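Engineer: model the structure of this input:
(one chain, ligands or ions: 1)
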Amino acid sequence: MRIKNTYYFDCNGTTPLHPEVDSFLKKNGHIFGNPSSLYRLGRNSHEIIEKTREQVSTLIHASTDSLIFTSGATEANNQVLKSVWVKHLLEHKPLHIISSSIEHSSIKDTLLFLEKMGVTVSYLPVTTEGITDISHLENILTPATGLITVMGANNETGVIQPIKSIADIAKKHHILFHCDAVQLLGKHPLNIEDMGVDFLSLSAHKYFAPKGVGVLYCKQPRSVMPLLHGGSQEQKRRSGTENLMGILGFSKALEVLSPHFSSPQDDLGAYLLHSLRTYIPETLLNGHETQRLSNTVNVSFLGISGEAVMMNLDLKGIAVSTGSACSTGSIEPSHVLTAMGLSLDRVKSAVRFSISPFTTKEDIDRVVETTRSIIKTLRTAS
Ligand SMILES: Cc1ncc(COP(=O)(O)O)c(C=O)c1O
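Structural biologist: Model prediction:
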């Protein structure tokens, strides 16, 4: 996918506004009524929000009253975890949460916070192929286990997690189950009934819609406590005037993009991986060969720093990502690839390419050829 002068291969990070969403928002930028106001302008805005809620409900097979709009998936994830914690506090009951060791920081860091607050957290290990190992899940349940939270697909590797199997175990033991499904949206079927989850988080900006809009699905909306107080919006579960333009853009994105769901990108993801492996020696795929979102190709170019590859590609107008996080001024190796037990060399040399339904074969050829040439130069220099 080309955005102005950039070959954009970082669609798991975010997506640009779809051109139709962009022009639709420009045409409708005059809509400003507060959705809580009772006069016509307000009612019009309210209708936009309810129409979008219906679209999401149809998409994921959930009832409209089970959906709460938030500022993004970070907020939705925080709301579930902190809400379960507060409920246990109020009932003076200890809380144990089970998660995976490859969650996005919005889960990982919230769990670290909750641990400081006295919550016990167990982290399920993952296989070398990035799949959460649930073989001992039932053994680590305790009478205090109140929540299991595991992502639908990993943002770095694209590996799809065994959500249904976890949901079955959670249900059998009457434990709530939350899934951070951000990376599934538009890339994989998302059916609440099939998944069997109690809570699920989504984010609009991974889907060619504006940033600052998320959705929290709650099977029992009353079971979730608000993070924010001060208004009656979203069944009093999320106070604050809604992000009207963001939600309007999300509505348009859902309308425009749903036909792309059964994705032509499938073959292109495989083509990208095949080309990288064919033209660049010592290219190793990080993650499961098939149980993976086909748009996501995380590979290690052994012996070369992933950051060096990313920065050199950037100079050539190509945007990709590494899984490393920048914290306190130093670069931390990806916790996801580390949890998979990969060697430090392999972790440090990882680069993630993530494409969209609008990526073309020509884009891929150009990106692979440029990557090949950069790796060759870097390997010669080292
Ligand atoms: C798996 C996953 N969860 C949560 C988030 C956070 O979403 P948001 O940017 O809407 O807060 C992201 C975004 O990078 C993600 O990839």
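Engineer: apart from its chain neighbours, what residue comes closest to the residue in the stretch 51-200 of the chain that the ligand sits nearest to?
Structural biologist: Nearest to the ligand in the stretch 51-200 of the chain, going by C-beta to the nearest ligand atom, is residue 72, at a distance of 2.8 Å. Every C-beta, even on glycine, is put in place using the N, C-alpha and C of the backbone. Closest residue to residue 72 apart from its sequence neighbours, by C-beta to C-beta, 6 or more residues apart in numbering: residue 214 at 4.0 Å.
Engineer: just to revisit the earlier point, in contact with the residue of the stretch 51-200 of the chain closest to the ligand, which residues?
Structural biologist: 203, 204, 205, 211, 212, 213, 214 (C-beta atoms under 8 Å, 6 or more residues apart in numbering).
Engineer: return the residues of the stretch 101-250 of the chain in contact with the ligand.
Structural biologist: Counting by C-beta under 6 Å from any ligand atom, the stretch 101-250 of the chain comes close to the ligand at 104, 106, 151, 155, 180, 182, 183, 203, 214.
Engineer: what ranges do the strands span in the stretch 201-350 of the chain?
Structural biologist: Using DSSP state E, counting those that start in this stretch, the strands assigned to the stretch 201-350 of the chain run over residues 214-218, 283-285, 296-301, 318-319, 325-327, 330-332, 350-354.
Engineer: again, but for the stretch 51-200 of the chain
Structural biologist: Under DSSP E, counting those that start in this stretch, the stretch 51-200 of the chain gives strands at 67-70, 96-100, 120-124, 145-149, 176-180, 199-203.
Engineer: in its sheet, what does the shortest one sit against?
Structural biologist: Here strand 67-70 has these sheet partners by DSSP bridges: strand 214-218 (antiparallel).
Engineer: now the strand it pairs with: average pLDDT?
Structural biologist: If you average the pLDDT over strand 214-218, you get 98.
Engineer: now swap in stretch 276-295 and tell me
Structural biologist: 96.
Engineer: repeat for stretch 115-122
Structural biologist: 98.
Engineer: would you mark the buried spots in that stretch?
Structural biologist: Using 16 or more other C-beta atoms under 10 Å as the test for burial, stretch 115-122 gives 119, 121, 122.
Engineer: what of stretch 242-259?
Structural biologist: So for stretch 242-259, counting by 16+ other C-beta under 10 Å, buried means 242-254, 256-257.
Engineer: swap in stretch 132-150?
Structural biologist: 132, 134, 137, 141, 145, 146, 147, 148, 149, 150.
Engineer: and for stretch 204-221?
Structural biologist: Quick answer for stretch 204-221 (16+ other C-beta under 10 Å): 204-219, 221.
Engineer: wait, residue 228 sits on residue 238?
Structural biologist: Yes. Residue 228 is in contact with residue 238 according to C-beta atoms under 8 Å; the separation is 6.3 Å.
Engineer: neighbour count: those two, which is higher?
Structural biologist: Remark: of residue 228 and residue 238, residue 238 carries more neighbours, 23 against 15, as counted by other C-beta atoms under 10 Å.
Engineer: just confirm that one contacts residue 70, I think it does.
Structural biologist: Yes. Counting by C-beta under 8 Å, residue 238 touches residue 70, with 5.7 Å between them.
Engineer: so which of the buried residues of stretch 242-259 sits lowest on pLDDT?
Structural biologist: residue 257 (92).
Engineer: and that residue, what is it in contact with?
Structural biologist: Here residue 257 is in contact with 18, 186, 207, 208, 357 (C-beta under 8 Å, 6+ apart).
Engineer: rerun that using 10 Å as the cut-off
Structural biologist: 15, 18, 20, 21, 185, 186, 207, 208, 209, 356, 357, 358 (C-beta atoms under 10 Å, 6 or more residues apart in numbering).
Engineer: residue 350 and residue 16, how far apart?
Structural biologist: According to C-beta to C-beta, to the nearest Å, residue 350 stands 24 Å off from residue 16.
Engineer: in terms of neighbours, single out the busier of those two.
Structural biologist: Just comparing residue 350 and residue 16: by other C-beta under 10 Å the higher neighbour count belongs to residue 350, 28 against 17.
Engineer: helix, strand, or coil at residue 37?
Structural biologist: Classification of residue 37 by DSSP: H, G, I helix; E, B strand; the rest coil places it in coil.
Engineer: neighbours of the residue of the stretch 201-350 of the chain found nearest the ligand, just the number please.
Structural biologist: The nearest approach of the stretch 201-350 of the chain to the ligand comes at residue 203, 3.2 Å away (C-beta to the nearest ligand atom). Neighbourhood size, residue 203 [other C-beta under 10 Å]: 28.
Engineer: how near is it to residue 155?
Structural biologist: Residue 203 is 11 Å from residue 155, by C-beta to C-beta.
Engineer: got any residues that touch both of those two?
Structural biologist: 180, 182, 183.
Engineer: can you say which of the residues you listed are buried?
Structural biologist: For the shared contacts of residue 203 and residue 155, buried by 16+ other C-beta under 10 Å: 180, 182, 183.
Engineer: surely the second one meets residue 188?
Structural biologist: To tie it back to what came earlier, the one meant is residue 182. No. Residue 182 is beyond contact range of residue 188, at 11.3 Å (criterion: C-beta atoms under 10 Å).
Engineer: find the residues that touch each one of the two.
Structural biologist: When contacts are counted by C-beta under 10 Å, 6+ apart, residue 182 and residue 188 have 152, 153 as shared neighbours.
Engineer: picking that back up, show me the contacts for the residue nearest to residue 72.
Structural biologist: 68-77, 79, 182, 201-205, 238, 243, 246, 250.
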